[in-house]
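Asks: take a look and give me a structure for this.
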Amino acid sequence: MSSVDTQLHAVLLRAITGVKYDVLRTRASELSARYRQAGITDTLPALRDELDCLAYAVVRMPATYRAIQAALRAADLHVGAATTHLDLGGGTGAAAWAAASIWPGVQTQIVERQAAAVALGRRLSTWSPTPVWSTADLRDWQPSASVDLVTVAYVLNELTAETRQSVLSAAAASTGTIVLVEPGTPPWISAHRRGPRPADWSRVHDRCALPASAPVSARRS
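Replies: As a prediction, this is how the structure comes out:
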């Protein structure tokens, strides 16, 4: 286990201090049910309040961190180190943790629509430079500056096809490298391969680093 892995484990343990286990377990079960039943859309977010965010961070964030880390390692081999990183729909910050574990000193910007997730993510972020968080809806988001790399992890499956296309096009306008990480379920893989992509994507690297995920690293030429 790396020092970043250990650090993440420690901050999550601190975050749940004083929270009753049964309450957290119930909320985590409800959250999992919403994911399984596809009860998450552009207008019905996965994380609805502070307790949802805490349940997500404890139950799902470590695995999400490892899946994104695997995809970023692949990106590092293909395109080299990143010094600036933008994470879209960043939740509680798993991608920022993954980037910091591979590229110490990377400056990460995170766009997330849920204020409770942003608040928890800020509490969990214990390294320097700390990520810069923006509370914004991806349906209205537009890039403000270019970055070395953009991550979009476990987000596209929660968006309509129209919003998905808009987010990917905006991301492609802000970087030369986009890393996607989405569930490795057959419905999502089928939808991803049929779905629209920005016209200037010329190379796509598919990697299934974990049974439950399908990291995808895409680079524009």
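Asks: pLDDT-wise, which helix or strand of this structure ranks last?
Replies: strand 201-206 (a mean of 41; mean pLDDT, DSSP states H and E).
Asks: and the residue most central in space within the chain, how close does it get to Gln142?
Replies: Residue closest to the mean C-alpha point of the chain, counted by CA atoms, centre = their mean, is Ala153 at 3.5 Å. Using CB to CB, to the nearest Å, we find Ala153 at a distance of 20 Å from Gln142. (Each C-beta comes from the backbone N, C-alpha and C, glycine too.)
Asks: what's the answer for His78, then?
Replies: 27 Å.
Asks: try Ala96
Replies: 21 Å.
Asks: the two: which has the busier surroundings?
Replies: Higher neighbour count among Ala96 and Gln142: Ala96, with 29 against 9, using other CB atoms under 10 Å.
Asks: pretty sure that one is touching Glu112, no?
Replies: No: look at Ala96 against Glu112 with CB atoms under 8 Å: they stay out of range, at 10.6 Å.
Asks: can you list residues touching both of those two?
Replies: By CB atoms under 8 Å, 6 or more residues apart in numbering, Ala96 and Glu112 have these common neighbours: Gly90, Gly121.
Asks: ok, then the element right after the longest helix anywhere in the chain?
Replies: The longest helix of the chain (DSSP state H) is helix 61-79. Heading C-terminal from helix 61-79, the first helix or strand you meet, by DSSP states H and E, is strand 84-88.
Asks: surely Arg164 is within a strand?
Replies: No: Arg164 is assigned helix when assessed by DSSP: H, G, I helix; E, B strand; the rest coil, not a strand.
Asks: report pLDDT for it.
Replies: Looking at Arg164, its pLDDT stands at 86.
Asks: give me the neighbour count for the residue nearest to the residue nearest to the centre of the chain when sequence neighbours are not counted.
Replies: Of all residues not flanking Ala153 in the chain, Val181 sits nearest, at 4.0 Å (CB to CB, 6 or more residues apart in numbering). Counted with other CB under 10 Å, the neighbours of Val181 add up to 29.
Asks: sec struct for Val181, please.
Replies: Once three-state DSSP is applied, Val181 turns out strand.
Asks: identify the bridge partners of it.
Replies: Taking DSSP bridges, one finds Ala153, Pro215 as the beta-bridge partners of Val181.
Asks: quick check: it touching Ala74?
Replies: No: between Val181 and Ala74 there is no contact under CB under 8 Å: 10.4 Å.
Asks: Val19 contacts Ala57, doesn't it?
Replies: No: using CB under 8 Å, Val19 is not in contact with Ala57; the gap is 11.2 Å.
Asks: neighbour-wise, which of those two wins?
Replies: A count of neighbours by other CB under 10 Å puts Ala57 above the other of Val19 and Ala57, at 26 against 14.
Asks: returning to what we had before: rounded mean pLDDT for the longest helix of the chain, please.
Replies: 93.
Asks: could you give the angle of it to strand 84-88?
Replies: Calculated by axes from the mean of the first three to the mean of the last three CA atoms, to 10 degrees, helix 61-79 forms an angle of 130 degrees with strand 84-88.
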